[in-house]
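Novice: Using only what follows, build the 3D model:
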Amino acid sequence: MAVILGIDIGTTSVKAMLLDSEKGVLAVHAKGYGVSIPQLGWAEQDPEMWWASLKEVFEALRGEQPEAYANVAAVGFSGQMHGLVTVDAAGKPVRPAIIWLDQRSKKQLAEIEEVCPEKKMGEIFRNRVSCGFAFPSLLWIKEEEPENFARIAAVLCPKDYLRLRITGKAGAEAVDASSTGMADTARRDWAWEVIDTFGFPREIFPPVHESTELAGVISDACAAETGLPTGAKVIYGGGDQPIQAIGNAAAREGYLISNIGTGGQVSAFVGEPIYDEKLRTNTFCHAVDRGYTIFGATLTAGKSMDWAKNYILKVDSYKELNELAGAVPAGSEGLIYLPYLSGERTPHLNPDATGMFFGMKLGHGRGHFLRAVMEGVTYSLKDCLVLLNELGVDAPQIIASGGGAASEIWLQIQADIFDKDVVACAEKEQACLGACLLAGASAGIFASLDEGCERFVRMQEKVYHPIPEHVKVYEEGFEKFRELYRRTKDLMG
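Specialist: Predicted structure coming up:
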């Protein structure tokens, strides 16, 4: 028997899980927080806030499972991708982290595109660099905050900062390195020529490791601060998208995942770094088997529902939300929502894209708007699926993941819009579970990752099948959804 600690640092909360290698999940706790918007288009979080929140989560786990907590043998990580954390020589944050939702770096993005046109971006990054990626954010600091830039000793991604606090060592791994826009994705290392061209000191980029490698052990300082045992193995971990795939037992070819978290993705594991030549999708390193993850991304998926529920429609609970949305027929009686509240990536690559409700009538109530948000987010994910299909990536069913998988209404909407069977994992915290499974396999607690997945990943019994009459409604709705963007994009921004 061994106990594994899995940590997931998200955009709206940090979560941690204790997994017993024999008994399964012992406890999961979370601490929520917000995103700071100092100016319109900015999105920041304080890394020290992440650490303080994680310590609260640790305390809750310790209170519930004191013996297991004291005997943690391995630690794994999952984390929000793309964001930029800068620390000084003492490991202290230089400034607040600039996270993936940020849109401030349009000027810097234009500078990058002058040096790295589309073809070169594809050859090196396998992606189009976007606002919110660490590359333009770091260039923004260099140009707008030179005094802070001069203090940077290491460039990290969000989960790397938490690993630094636990091990005392700064480090990088291939998944998140490739998500910064500063890595040669096929070589699984930093794109040194590009880094030199933009005047970034090489020494601020930690060496890139694989997600399965040992990053260090729980330090004496961390043990004193948290009560975790010294010397437990700490694994590098990875960005949340591939780690969540592990938690769904889908870290191999032949699976598709539709994730609705704060943002949303339709993703798949691929063995080679294939990519869309128009750079409308993302191809990043995967956490296992030196593979890759390819996906399309929509920026405000669950965030759209959070916005509608809490700020616009003032719905008290998710139970009420689902009841209201469930009482409305497929297609929301003509109401269509474009979920572009913070620009959009796939397929538009437009930081100036804006959201919209179209087709409003007097007969529409709160349920129509809530259901239209679910449908609009899923239409956006369908845009992602269409591109993956064009690249030859497909599967007979969809594994639904993230907060959106907690809603039966939304699961059925996904089945109807994707026109595929949809299943969901029985464990709600797939990223935490994936972090545990990867750490367990990497630390030798499991004979292999497959063994861990076979033992602890279970799908819900219910399968959501497409309803033919709904499929027809949504096929027409999807075309209207796409046409709405085409006809209004010149008015956005």
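Novice: Please verify my assumption that I413 contacts T378.
Specialist: Yes. Look at I413 against T378 with CB atoms under 8 Å: they come within range, at 5.4 Å. C-beta: built from backbone N, CA, C; applies to glycine.
Novice: Those two: who's more crowded?
Specialist: Per other CB atoms under 10 Å, whichever of I413 and T378 has more neighbours is T378, with 29 against 24.
Novice: Relative to L385, how far out is that one?
Specialist: T378 sits at a distance of 10 Å from L385 (criterion: CB to CB, to the nearest Å).
Novice: so what sits against both of those two?
Specialist: Common contact partners of T378 and L385 (CB atoms under 8 Å, 6 or more residues apart in numbering): F418.
Novice: Please verify my assumption that N350 contacts E344.
Specialist: Yes. N350 lies in contact with E344 (CB under 8 Å); the separation is 5.5 Å.
Novice: burial measure for S21, as a count.
Specialist: Using other CB under 10 Å, S21 has 18 neighbouring residues.
Novice: What sits closest to it if chain neighbours are left out?
Specialist: The shortest distance from S21 to any non-neighbouring residue, by CB to CB, 6 or more residues apart in numbering, is to A2 (4.6 Å).
Novice: and what of H348?
Specialist: Excluding its sequence neighbours, the residue lying closest to H348 (CB to CB, 6+ apart) is Y485, at 6.7 Å.
Novice: any idea how far the one you found lies from G6?
Specialist: When Y485 is compared with G6 (using CB to CB), they lie 38 Å apart.
Novice: Comparing the two, which residue is more hemmed in?
Specialist: Set side by side, Y485 and G6 show more neighbours around G6, with 31 against 19, by other CB under 10 Å.
Novice: pretty sure that one is in a strand, no?
Specialist: Yes. Assessed by DSSP: H, G, I helix; E, B strand; the rest coil, G6 belongs to a strand.
Novice: tell me the contacts of it?
Specialist: When contacts are counted by CB under 8 Å, 6+ apart, G6 is found next to 16-17, 19, 75-78, 431-437, 439.
Novice: what pairs with it across the strands?
Specialist: Using DSSP bridges, the bridge partners assigned to G6 are M17, G76.
Novice: care to break the chain down by domain?
Specialist: Domain segmentation of the chain under automatic domain parsing yields 3-239, 249-424+463-493.
Novice: Quick one: closest of those to E451.
Specialist: With distances scored as CB to CB, the stretch of those nearest to E451 is domain 3-239 (10.2 Å).
Novice: And the closest one, how far out from the chain middle?
Specialist: Here the centre of domain 3-239 is set off from its chain's centre by 12 Å, with CA atoms, centre = their mean, to the nearest Å.
Novice: can you pull the contacts of Q244?
Specialist: 78, 257, 259, 401-402, 430-431, 434.
Novice: Check which helix or strand it maps to.
Specialist: helix 240-247 (DSSP states H and E).
Novice: follow-up on the earlier one: now mean pLDDT and distance to R455 too, for the domains of the chain, in TSV please.
Specialist: Converted to TSV, these look like this (pLDDT from 0 to 100; distance: least, CB to CB, whole Å):
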stretch	mean pLDDT	distance to R455
domain 3-239	97	8
domain 249-424+463-493	96	10
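Novice: would you list the ones you listed in JSON lines and tack on distance to V457?
Specialist: Conversion of these to JSON lines gives the following (distance: least, CB to CB, whole Å):
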{"stretch": "domain 3-239", "distance to V457": "11"}
{"stretch": "domain 249-424+463-493", "distance to V457": "4"}
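Novice: Among these, which comes closest to E454?
Specialist: So among these, domain 249-424+463-493 is nearest, using CB to CB, at 7.7 Å.
Novice: And that closest one, end to end?
Specialist: Taking CA to CA, to the nearest Å, the first and last residues of domain 249-424+463-493 lie 40 Å apart.
Novice: just stretch 152-160 next, same as before
Specialist: 15 Å.
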